[in-house]
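Enquirer: any chance you can model this:
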Amino acid sequence: MSTQLPAPAAPAEHGGESIARERRDRRIAGLPRPVEPGLTRWQRFRNGPLGWLTLAFLPFCAFLLWLTYRMYEVTITTAVGDYTEQQTGTRSTPTIAQFNEALWKCTRLAFVTLAIGLVLYFLIDRLRPTTLRLKAVALAWGGAVAVFASSMINTWASTMVTADETDELGSVRAAIFIAPFVEEAAKATILFLLAILVRHRLLSVIQMVTMAGLSAVGFAVVEDIVYYVRMYLYGSLAYGVDADGALRQIFYLRGLLTCWGHPLFTTFTAIGVGVALRNRSKVVRVVAPLAGYCFAVCAHMGFNGSQSVGVSTGLLIAVGAFLIVFLLLRYIRLVLAESRQMRARLQDFVSNGWLGVHDPIMFSRYRARLKLICAAALRGPRCLVATVRLIHDMSELAQVRLGVVNGLTGAAAVGRERELLLSIRALRGRALDNTDGLTVKPPTWTWHNLTAWVRAHLPRRRPRTPFYAPPPPSQVPIGAPRR
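Expert: Numbering: from 1, shown residues only. Next up, the predicted model:
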């Protein structure tokens with residue numbers, strides 16, 4: 001049984017040509033760039049283009065959110081003024097202060113939907129979790145880029161299908177036949193961009209579903225804010241209407257009962273993209289994303305159409321619950337299949353002596369990984385960071401080997417496997433890698449040690465210097481001789 005790591009690729013006659021060839025092979029195979037030894041994390045971030053793209057992308061999303069705010073501020077205030085003039089005969093246009101007050105009040109309600117979506121997708125993406133940077137990019141794309149692009153295209157397209165201002169069915173036609181195509185394409189574009197730029201980070205269908213779900217959650221939250229503000233201002237400026245009651249009603253309907261709509265539709269496209277990434281057939285790589293996108297558009301179209309024709313909310317919730325339960329069962333099946341594949345691929349390294357005998361079991365089970373993370377969190381930040389990195393490297397190592405077995409990557413995978421094995425070997429002493437006999441609570445956490453620690457870190461009172469009052473002046477009789 002050999003204990004030496006895989007040998008790196010044989011160098012070419014010129015070192016520069018060898019490095020360039022290796023980078024090209026890795027880029028074609030969807031693997032990260034070779035790790036240059038001796039560089040710090042900041043130097044690797046500075047040399048990589050993806051970090052700078054992320055730094056430029058987030059301010060761009062903030063700028064698009066500002067443009068969206070300005071656009072809807074004009075649109076909503078104009079619509080509210082037209083509505084009040086039609087209902088009461090007197091035009092009442094909300095001021096900027098009223099609009100901002102309503103926006104802040106409605107944003108706090110939309111944060112409830114955002115929190116639900118973030119918790120859900122963080123729990124889903126646990127077997128091979130994506131990085132926080134990718135999650136932030138997907139959420140920002142859906143909340144800024146997808147919303148801005150969809151609003152511009154939908155506004156232009158709705159004018160094309162509307163005959164004149166008296167055509168009441170123009171908005172209905174746009175919501176059914178235009179909005180699903182535009183919105184699903186805008187939300188899912190981030191999946192294709194990530195598949196091109198960081199294909200080595202998206203290792204499974206579950207990760208694609210997570211990215212799509214976060215993009216859809218960001219889109220849904222911003223869209224809900226627009227609906228909330230419009231409804232609240234309508235009720236505030238119309239006589240005899242309870243604005244707070246109307247806001248609570250639309251929040252209960254959109255923010256809670258039907259908040260699954262956008263994430264569910266985009267999930268179908270994500271499944272198609274995820275299947276295409278892990279398949280060798282060129283036909284499947286083209287047909288699977290298109291099929292997923294078409295299914296998402298049809299589901300979105302049916303949802304909007306059912307609301308337009310007056311289908312009860314209970315029926316929509318029942319259909320959505322059925323689809324969600326079906327996807328949850330499919331998710332459980334995918335998790336079990338990926339766990340078996342990870343265990344089998346890590347076992348290949350055990351047979352060569354590069355990994356321990358217990359590693360395939362420890363790092364392919366969800367409960368074992370969760371126990372390692374919880375125990376590491378109670379043993380200090382250094383142990384936690386090392387354990388999380390070890391789990392991540394094990395997951396990527398199994399995925400690289402799976403790509404070799406399936407014929408998706410060739411000789412370029414050998415160098416990446418060597419880098420991951422070296423990183424795993426360096427993390428062994430600091431990270432937790434075995435749950436046998438491991439307790440989540442550290443053995444040093446006893447009541448005696450806890451009280452001693454508290455006493456050592458409590459602020460001690462400094463002893464006060466005794467203060468004595470000055471002696472009273474001596475009572476000398478007046479006229480007495482002084483000594």
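Enquirer: care to break this protein down by domain?
Expert: Structural domains assigned to the chain are 70-311, 341-453, following automatic domain parsing.
Enquirer: tell me which of those domains is the most buried.
Expert: Neighbour counts averaged per stretch over the domains of the chain are highest for domain 70-311, at a mean of 18; criterion: mean count of other CB atoms under 10 Å. For glycine as for every other residue, the C-beta is placed from the backbone atoms N, C-alpha and C.
Enquirer: endpoints of that one, how far apart?
Expert: By CA to CA, to the nearest Å, the extent of domain 70-311 from end to end equals 34 Å.
Enquirer: neighbours around Tyr69, how many?
Expert: When neighbours are defined as other CB atoms under 10 Å, Tyr69 has 15 of them.
Enquirer: with distance to Arg27 and mean pLDDT as extra columns, can I get the domains of the chain in CSV?
Expert: Formatted as CSV, the domains of the chain follow (distance: least, CB to CB, whole Å; pLDDT from 0 to 100):
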stretch, distance to Arg27, mean pLDDT
domain 70-311, 10, 87
domain 341-453, 9, 86
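Enquirer: compare these and give me the one nearest Val325.
Expert: Closest to Val325 of the domains of the chain is domain 70-311 (CB to CB; 11.4 Å).
Enquirer: now the helices: where do they sit in the stretch 201-350 of the chain?
Expert: 205-237, 243-250, 261-277, 282-309, 313-351 (DSSP state H, counting those that start in this stretch).
Enquirer: so which of those helices gets nearest Asp82?
Expert: So among these, helix 205-237 is nearest, using CB to CB, at 10.8 Å.
Enquirer: just want the most central residue of this structure.
Expert: Lys135 (2.8 Å; CA atoms, centre = their mean).
Enquirer: now that one, nearest residue through space, not along the chain?
Expert: Distances taken as CB to CB, 6 or more residues apart in numbering place Leu214 nearest to Lys135, at 5.7 Å, with adjacent residues excluded.
Enquirer: so who does that neighbour touch?
Expert: The contact partners of Leu214, taken as CB atoms under 8 Å, 6 or more residues apart in numbering, are Gly117, Leu118, Tyr121, Lys135, Ala138, Leu139, Gly142.
Enquirer: what's the answer for Gly213, then?
Expert: Here Gly213 is in contact with Gly117, Leu120, Tyr121, Ile124, Pro263, Thr266, Thr267, Ala270 (CB under 8 Å, 6+ apart).
Enquirer: now the last one: how far from Asp433?
Expert: In this structure, Ala270 lies at 32 Å from Asp433, with CB to CB, to the nearest Å as the measure.
Enquirer: give the contact list for Gly261.
Expert: Ala220, His300, Phe303, Gly320.
Enquirer: distance-wise, check the nearest residue to the first one once chain neighbours are set aside relative to Arg340.
Expert: In space, and not counting its chain neighbours, Ala220 is closest to His262: 4.2 Å by CB to CB, 6+ apart. Distance, His262 to Arg340, using CB to CB: 32 Å.
Enquirer: in three-state terms, label Glu22 for me.
Expert: Under DSSP: H, G, I helix; E, B strand; the rest coil, Glu22 falls in the helix class.
Enquirer: equivalent analysis for Arg379, please.
Expert: Per three-state DSSP, Arg379 ends up coil.
Enquirer: ok, now which ones touch it?
Expert: Leu432, Pro442.
Enquirer: can you list the residues that contact stretch 332-344?
Expert: Contacts of stretch 332-344 (CB under 8 Å, 6+ apart): 127-128, 204-206, 360-361, 363-366, 395, 398-399, 402.
Enquirer: among the residues you listed, which one sits closest to Val172?
Expert: Val205 (35.1 Å).
Enquirer: thought the closest one was touching Asn279?
Expert: No. Using CB atoms under 8 Å, Val205 makes no contact with Asn279, being 11.0 Å away.
Enquirer: Pro94: which element?
Expert: Pro94 belongs to no helix or strand when elements are defined using DSSP states H and E.
Enquirer: what's the spacing between it and Ala246?
Expert: 15 Å.
Enquirer: distance check, Trp52 against Ala175.
Expert: Following CB to CB, the distance that separates Trp52 from Ala175 is 39 Å.
Enquirer: three-state assignment of the residue lying closest to His358 once chain neighbours are set aside?
Expert: Closest residue to His358 apart from its sequence neighbours, by CB to CB, 6+ apart: Asn434 at 5.7 Å. On the three-state scheme (three-state DSSP), Asn434 is labelled coil.
Enquirer: check contacts around Asn434.
Expert: Asn434 touches Gly356, His358, Met362, counting by CB under 8 Å, 6+ apart.
Enquirer: without its sequence neighbours, what residue ends up closest to the last one?
Expert: Just to be clear, that refers to Met362. Going by CB to CB, 6+ apart, Met362 has Ala368 as its nearest residue, at 5.0 Å.
Enquirer: whatever helix or strand the one you found lives in vs helix 313-351, what angle?
Expert: In the assignment (DSSP H and E), Ala368 maps to helix 366-377. Interaxial angle, helix 366-377 versus helix 313-351 (axes from the mean of the first three to the mean of the last three CA atoms, to 10 degrees): 80 degrees.
Enquirer: show me how far helix 366-377 is from its chain's centre.
Expert: Remark: helix 366-377 is offset 21 Å from the chain centroid, using CA atoms, centre = their mean, to the nearest Å.
Enquirer: which residues touch that helix?
Expert: 126-127, 335, 339, 361-363, 383-384, 386-388, 391, 431-433, 435, 438-440, 442.
Enquirer: ok, now with 10 Å
Expert: 126-127, 129, 335-336, 339, 358, 361-363, 365, 382-388, 390-391, 394-395, 430-436, 438-442 (CB atoms under 10 Å, 6 or more residues apart in numbering).
Enquirer: now do stretch 113-122
Expert: By CB under 10 Å, 6+ apart, stretch 113-122 touches 107, 129-130, 132, 135, 138-139, 143, 209-214, 216-218, 220-222, 224-225, 251, 254-256, 259-260, 262-263.
Enquirer: mind doing that once more with 7 Å?
Expert: Thr210, Gly213, Leu214, Val217, Ala220, Val221, Asp224, Gly255, Cys259, Pro263 (CB atoms under 7 Å, 6 or more residues apart in numbering).
Enquirer: just give the closest residue to the fourth one, not the sequence neighbours.
Expert: Closest residue to Val217 in three dimensions, ignoring its sequence neighbours and counting by CB to CB, 6+ apart: Gly117, at 3.5 Å.
Enquirer: sec struct for that neighbour, please.
Expert: helix.
Enquirer: look up how far Gly415 lies from it.
Expert: Relative to Gly415, and taking CB to CB, Gly117 is found at 38 Å.
Enquirer: can you check Leu334 too?
Expert: 29 Å.
Enquirer: if I look at the residue nearest to Lys135, how far off is Tyr331?
Expert: 16 Å.
Enquirer: and Thr54, by the same measure?
Expert: 28 Å.
Enquirer: ok, back up a step: biggest separation within the contacts of stretch 332-344, which pair?
Expert: Farthest pair in the contacts of stretch 332-344, by CB to CB: Val205 and Ile361, 23.4 Å.
Enquirer: what about the helix or strand harbouring Phe60, distance to the chain center?
Expert: Applying DSSP H and E as the criterion places Phe60 in helix 49-88. Its chain's average C-alpha position is 22 Å from that of helix 49-88, according to CA atoms, centre = their mean.
Enquirer: let me know the angle separating it from helix 205-237.
Expert: 30 degrees.
Enquirer: which helices and strands sit right next to helix 49-88?
Expert: Helices and strands touching helix 49-88, by 3 or more CB pairs under 7 Å, 6 or more residues apart in numbering; DSSP states H and E, are helix 132-140, helix 147-160, helix 205-237.
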